[in-house]
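Enquirer: I'll drop the sequence and a predicted model, then ask my questions.
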Amino acid sequence: MSDNALRVLIVDDEAPARRRLRELLDDCAGAMPLSIVGEAQHGREALDLLQTAPAELVLTDIHMPDMDGIELARHLLKLSHPPVVIFTTAFHEHALEAFDVNAVDYLVKPVRVQRLLSALQKVPRLKPVGAERLSQLPATARRFLSVTERSRVVLVPIEDVVYLKAELKYITIRTREREYLLEESLTRLEHEFGARFLRVHRNCLVAREHIRGFERRVGNDGDAHWEVLLNGVAETLPVSRRQQFVVRDIGREPVNGATA
Amino acid sequence: MLPDLRNLGTILRVLFAVNGAALAVAFAREQRWSAIVDEWVALTSVVEPYLLAELAVLAMASPRLVRLPYRYGVAAIAGVTVVVGVALHQFYDRLLPGQAGSLPRQLAFALGAVAVLLYYFQLRIRALSPAITEARLQALQARIRPHFLFNSINAVLSLVRSEPQRAEAALEDMADLFRVLMRDNRELTPLSEEVLLCQQYLDLEKLRLGERLHVDWNVKSMPGDALVPPLVLQPLLENAVYHGIEPASTQGTVSINVFLSRGEVHAILKNPIPANGRRHQTGNKMALDNIRERLALHFDAEASLECRVAREGYEVHIRMPYRTAMPASAAPAGDAARAPAESRHPGAQRSRALTSPLAGLSPTGALRV
């Protein structure tokens, strides 16, 4: 393979679909230099692969277990050199049609070789689609939050997150083990994950499943307020005056045996 | 067309109507509540033996009656009514002389009830037949997700170069599947045929999903000749794969258990519920409603479909009466058109015969389990 070959990663949960794409890419190799860096069965595996074998193009299915294609595209943006993503789907998705003109390309399976080739030829001129636009796709909530650490993308499973706290420029993700820094908007996250998190303070979302209970404390100023007690994390979080109603509300719903 | 006189729904409707009429008469005759109840009990104690005897005779004669033209069928039912009426009246007269009441009045009441009920069933059948067509249309729309079709075609394409024989077998499965999907599906088909179709469908899914889909068949003791609505199981398996297997990257088992118990055919389908499964259950609900409706149209109260979420996963339980090919009325004219579904390709490794509903009732042992 020549050095200027287009490096491609294939992502699909169905083995026959991956094999078919490989065959078609082989057919295209005569018309333009290509090299297939690998195949992945779902988004998480693709992300792992790309850390060691970078690609310029990711051909990904949309519906996949573990991590779907749209979520993969969002995490890929955290890479230092994000690849261009082309979605492959068995069925016309209206949401993507609207994006076709805006450079999110997609191929309908079964893919025709001519159609694939023309998409491949466009790739060097394309730029990865931004996070803003991807977040507008009607996707389900992400299963992972991704952070960049020492030029690697680290995935934090959303069920491991104990709380999210906005601090100046970043959001701190707290898991039982450690903290991560995330560059996103707390309001967006609250919107995306809906009922999973509870807002206890203007700057803090707590995962309901990790709440152990609440405790009444008196501060230095003599005012009493509620503190959230957490499972597996020693520190507690203050409930703001405005959000005090959550203590009462949560007492009415069953939350892993938590008591108010 | 005469109503199905052996159907539980028909029998319940007759019982309700006649006892309701007796209650109406009691209301008309009396004013006080207790008197109404007494009157009703008195009336039904006279009416009930006649009614039950008549229903029993009709149920026994049903296979013969349905073969008669409608007019003669009605005449036969009227005849049975008179004979049963006279016979019971004689019996009462001997048992309690002078208490049996006026025979002509009773016969007039009975024949009037027969006329009204037959007219009602006639109206009901007329009202329902567009519904059968409608249900068929719904079935046409609801079954097979386009996403399955295109993914399967894609999977076959991936085999063409490397494993042409497997590609051939897969295309044959697809042809059989779509032949059934596109034919007129108003008539009942043998259970063995539906199970075969399900196997072909799952073979195609296995092609796509590989190891992720594990199928546990338990159909050895099923009554292959039982007549069931076509596509009563396949859409449920499609749901099972779509909701239970596709969202997980690990292996999951779809199990199919079909058996005969106390004269009823039971089909129990199970699939796992993946932790991060698809939340949209609307497609699932549509398929369930569709099947429920068709079961009701074909079997009325004698069939049911229940689903529940158990610890091991999602479970659908269908219960149907055990009916085999009935004489005359059930024989569809279009058999010849749909019969030759055999795979004739000499190179095909699996040539399975799709038997025609009448010749058929293929031995269940021939199915790959």
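Expert: Yes, it's here.
Enquirer: Check which helix or strand residue 80 maps to.
Expert: This is for chain A. Using DSSP states H and E, residue A:80 maps to neither a helix nor a strand.
Enquirer: I was after chain B.
Expert: Assigned by DSSP H and E, residue B:80 falls in helix B:70-95.
Enquirer: Could I get the average pLDDT for that helix?
Expert: In this model, helix B:70-95 has an average pLDDT of 87.
Enquirer: Packing partners of that helix?
Expert: helix B:33-65, helix B:103-142 (3 or more CB pairs under 8 Å, 6 or more residues apart in numbering or on different chains; DSSP states H and E). Every residue, glycine included, has its C-beta placed from N, CA and C.
Enquirer: what's the next secondary structure element after the last one?
Expert: This points to helix B:103-142. Counting by DSSP H and E, what follows helix B:103-142 is helix B:146-160.
Enquirer: any residue of stretch B:237-251 up close to chain A?
Expert: Yes. If you take CB under 8 Å from any CB of the partner chain as the test, stretch B:237-251 does meet chain A, through B:246-249.
Enquirer: May I see the PyMOL selection of the buried members of those?
Expert: Buried subset of the residues of stretch B:237-251 next to chain A, written as a PyMOL selection, criterion 16 or more other CB atoms under 10 Å in any protein chain shown:
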select buried, chain B and resi 246+247+248+249
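Enquirer: So which of the residues of stretch B:237-251 next to chain A belong to helices?
Expert: Using DSSP state H, no member of the residues of stretch B:237-251 next to chain A sits in helices.
Enquirer: Among the residues of stretch B:237-251 next to chain A, which one lies nearest to residue A:192?
Expert: residue B:247 (19.3 Å; CB to CB).
Enquirer: Now stretch A:36-44: buried residues?
Expert: Those would be A:36-44, for stretch A:36-44 by 16+ other CB under 10 Å.
Enquirer: Next one: residue A:82 from chain B, what distance?
Expert: From residue A:82 across to chain B, the span is 24 Å (CB to the nearest CB, to the nearest Å).
Enquirer: wait, that residue sits on residue A:72?
Expert: No. Residue A:82 is beyond contact range of residue A:72, at 11.2 Å (criterion: CB atoms under 8 Å).
Enquirer: and the two? which has more neighbours close in?
Expert: Just comparing residue A:82 and residue A:72: by other CB atoms under 10 Å in any protein chain shown the higher neighbour count belongs to residue A:72, 27 against 19.
Enquirer: Can you name the helix or strand that that one falls in?
Expert: helix A:69-76.
Enquirer: what separates the helix or strand just after that helix from the chain centre, distance-wise?
Expert: Counting by DSSP H and E, the next helix or strand C-terminal to helix A:69-76 is strand A:84-89. Centroid separation for strand A:84-89 versus its chain: 16 Å, with CA atoms, centre = their mean, to the nearest Å.
Enquirer: Tell me what angle strand A:84-89 forms with helix B:146-160.
Expert: Interaxial angle, strand A:84-89 versus helix B:146-160 (axes from the mean of the first three to the mean of the last three CA atoms, to 10 degrees): 100 degrees.
Enquirer: Show me where the stretch 51-200 of chain A has its helices.
Expert: A:69-76, A:94-100, A:113-122, A:131-135, A:186-193 (DSSP state H, counting those that start in this stretch).
Enquirer: what's the first one packed up against?
Expert: Right, the one you point to is helix A:69-76. By 3+ CB pairs under 8 Å, 6+ apart, helix A:69-76 packs against helix A:43-52, strand A:57-61, strand A:84-89, helix A:131-135, strand A:144-149.
Enquirer: Could you dump the ones you listed into TSV with distance to residue B:158 added?
Expert: Output for these, formatted as TSV (distance: least, CB to CB, whole Å):
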stretch	distance to residue B:158
helix A:43-52	19
strand A:57-61	13
strand A:84-89	13
helix A:131-135	29
strand A:144-149	30
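Enquirer: Enumerate the residues of the stretch 1-150 of chain A near chain B.
Expert: So the stretch 1-150 of chain A meets chain B at A:13-17, A:19-20, A:23, A:41-42, A:63, A:65-66, A:90-91, A:108-110, A:140, A:143 (CB under 8 Å from any CB).
Enquirer: buried subset of those?
Expert: Here, 16+ other CB under 10 Å leaves A:13-17, A:19-20, A:23, A:41-42, A:63, A:65-66, A:90, A:108-110, A:143 buried among those.
Enquirer: wait, doesn't residue A:72 sit right on residue A:46?
Expert: Yes. Counting by CB under 8 Å, residue A:46 is a contact partner of residue A:72 at 5.7 Å.
Enquirer: which neighbours do those two share?
Expert: A:11, A:58, A:60 (CB atoms under 8 Å, 6 or more residues apart in numbering or on different chains).
Enquirer: How many residues are close by the nearest residue to the first one once chain neighbours are set aside?
Expert: With CB to CB, 6 or more residues apart in numbering or on different chains as the criterion, residue A:11 has its nearest non-adjacent residue at 3.9 Å, and that residue is residue A:60. Burial of residue A:60 is recorded as 27 neighbouring residues (other CB under 10 Å).
Enquirer: Quick check: residue A:60 vs chain B, distance?
Expert: Relative to chain B, and taking CB to the nearest CB, residue A:60 is found at 15 Å.
Enquirer: Tell me which residues touch that residue, please.
Expert: By CB under 8 Å, 6+ apart, the neighbours of residue A:60 are A:11-12, A:43, A:46, A:69, A:72-73, A:85-88.
Enquirer: For residue B:268, see how far away it is.
Expert: 37 Å (CB to CB, to the nearest Å).
Enquirer: What of residue B:68?
Expert: From residue B:68 to residue B:268 the distance is 39 Å (CB to CB).
Enquirer: what's the answer for residue B:258, then?
Expert: 8 Å.
Enquirer: These two: which is more packed in?
Expert: Higher neighbour count among residue B:258 and residue B:268: residue B:258, with 27 against 16, using other CB under 10 Å.
Enquirer: Quick check: that one touching residue B:220?
Expert: No. Counting by CB under 8 Å, residue B:258 does not reach residue B:220; the two are 9.2 Å apart.
Enquirer: If you rank every helix and strand of chain A by mean pLDDT, what lands last?
Expert: Lowest by mean pLDDT, DSSP states H and E among the helices and strands of chain A is helix A:94-100, with a mean of 56.
Enquirer: Now for the nearest residue to residue A:145 once chain neighbours are set aside, how many residues are close by?
Expert: Spatial nearest neighbour of residue A:145, chain neighbours left out: residue A:156 (4.7 Å); criterion: CB to CB, 6+ apart. Neighbours of residue A:156 under the rule other CB under 10 Å: 16.
Enquirer: Equivalent analysis for residue A:250, please.
Expert: Using other CB under 10 Å, residue A:250 has 20 other residues around it.
Enquirer: near chain A, which residues of the stretch 201-350 of chain B?
Expert: Contact residues (CB under 8 Å from any CB) of the stretch 201-350 of chain B with chain A: B:207-210, B:246-249, B:274, B:276, B:279.
Enquirer: Apply 7 Å and report the result again.
Expert: With CB under 7 Å from any CB of the partner chain as the criterion, the stretch 201-350 of chain B comes near chain A at residues B:207-210, B:247-249, B:276.
Enquirer: just curious, which of these is nearest to residue B:115?
Expert: The closest of those, once distances to residue B:115 are taken by CB to CB, is residue B:247, at 57.8 Å.
Enquirer: Can you tell me how far that closest one is from residue A:66?
Expert: Separation of residue B:247 from residue A:66 (CB to CB): 9 Å.
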